[in-house]
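Participant: Structure of the sequence below:
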Amino acid sequence: MLILTRKPGEKIRIGDDIVIHVVDIGKGTTRIGIEAPKDVSIMRDEVVEKIENENLMAASRNRTTLMGAASLLKERKTKE
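Facilitator: Now for the predicted structure:
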């Protein structure tokens, strides 16, 4: 990990297409602006983690639901 010190108004370049602007530094927070091509996805880490967790929970529920449905079908077949 590269750690840099920047002041408000200064920039950081990533490759040719991405520019990070230090907009404001306050008590406990730093505001940044990001210039990047439209095809580059920019998301806060906590949002990505929440989406990943929700996807895992949905997949788990779907598996449980499918297993339950399969079990019901097996019961029906044995009763017939």
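
Participant: where does Gly9 fall, helix, sheet strand or coil?
Facilitator: Put simply, Gly9 is coil when judged by DSSP: H, G, I helix; E, B strand; the rest coil.

Participant: OK, contacts around the closest residue to it other than its chain neighbours?
Facilitator: Nearest non-adjacent residue to Gly9, counting by Cβ to Cβ, 6 or more residues apart in numbering: Val22, 6.8 Å away. The way it works is simple: take the backbone N, C-alpha and C, and place the C-beta from them, glycine included. The contact partners of Val22, taken as Cβ atoms under 8 Å, 6 or more residues apart in numbering, are 6-12, 30-32.

Participant: so can I have a markdown table of those residues showing distance to Val47?
Facilitator: Below are the contacts of Val22 laid out as a markdown table (distance: Cβ to Cβ, whole Å):
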| residue | distance to Val47 |
| --- | --- |
| Arg6 | 24 |
| Lys7 | 28 |
| Pro8 | 25 |
| Gly9 | 27 |
| Glu10 | 26 |
| Lys11 | 24 |
| Ile12 | 22 |
| Thr30 | 18 |
| Arg31 | 17 |
| Ile32 | 16 |
